[in-house]
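Enquirer: I need the structure of the sequence given here:
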Amino acid sequence: HYADMTIYNFTEMTRNIGTFTAAGVDLDTSVKAIKGIANLAAGSGSTAAQASNAMYQLSQAIAAGRVSLQDWNSVVNAGMGGELFQNALKETAKQMGIVVDDSVSFRESISSIGGKDSGLTSDVLVKTLEKFADDESLIKAATQVKTFTQLIDTMKESVQSGWAQSWEYIIGDREQAAELF
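Expert: Next comes the predicted model:
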């Protein structure tokens, strides 16, 4: 449903959810995190391909338990490492009772968010992404088609979902279809 509403590809989103679950993140958290990254990408003006790259890199960071400077550089290269994300990560860390040193740059503080030399923890990252998944302004950015290519991609997603639903009505779900054939 989310992929049909937004400029993002269902196949890419499910592949990235699989990457998160393979990294040890539970399914519900993975879905929320992927929605959060997609919404952040839309709010940052990043493309679906850039969002997909960031999703992969962040899944690796979550599996490791922390976001390293190299992981963060990938997010920056995807066009998503701006003040919106930085400030949200700091705010989440503070809400979790973690002391954040605002006197240094974000890149320098990345090693201290979440504890001395621990790096930005995956807990802080996941909680921040969950907030982005429910952020109305970011959802609006993700659902607004801004280019002709996005329009075509969004229409393709809707048609694919429509055909899948139509075939389920005709031949049933997996068990019903197996019995029919």
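Enquirer: Quick check: chain neighbours aside, which residue is closest to residue 67?
Expert: Once flanking residues are discounted, residue 67 sits nearest to residue 120: 3.9 Å by Cβ to Cβ, 6 or more residues apart in numbering. Yep, even glycine has a C-beta here, placed from its N, CA and C like the rest.
Enquirer: Residue 85 now?
Expert: In space, residue 85 is closest to residue 40, 6.1 Å off (Cβ to Cβ, 6+ apart).
Enquirer: give me the element the one you found is part of.
Expert: Counting by DSSP states H and E, the element that carries residue 40 is helix 27-44.
Enquirer: what is the rounded mean pLDDT of that helix?
Expert: Helix 27-44 carries an average pLDDT of 89.
Enquirer: Buried residues in that helix, which are they?
Expert: Residues of helix 27-44 classed as buried: 29-44 (neighbour count, 16 or more other Cβ atoms under 10 Å).
Enquirer: how about the residues you listed, which pair is most distant?
Expert: 29 and 44 (21.7 Å; Cβ to Cβ).
Enquirer: now the strands for the chain?
Expert: For the chain, applying DSSP state E gives strands covering 66-67, 120-121.
Enquirer: Which of the residues in stretch 55-63 are classified as buried?
Expert: In stretch 55-63, counting by 16+ other Cβ under 10 Å, buried: 55-62.
Enquirer: ok, back up a step: other residues contacting the helix holding residue 40?
Expert: 2, 6-8, 13, 16-17, 20-21, 25, 46-48, 50-51, 54-55, 58, 62, 78-80, 82, 84-85, 126, 128-133, 135, 137-139, 141-142, 144 (Cβ atoms under 8 Å, 6 or more residues apart in numbering).
Enquirer: Thank you kindly, that will do.
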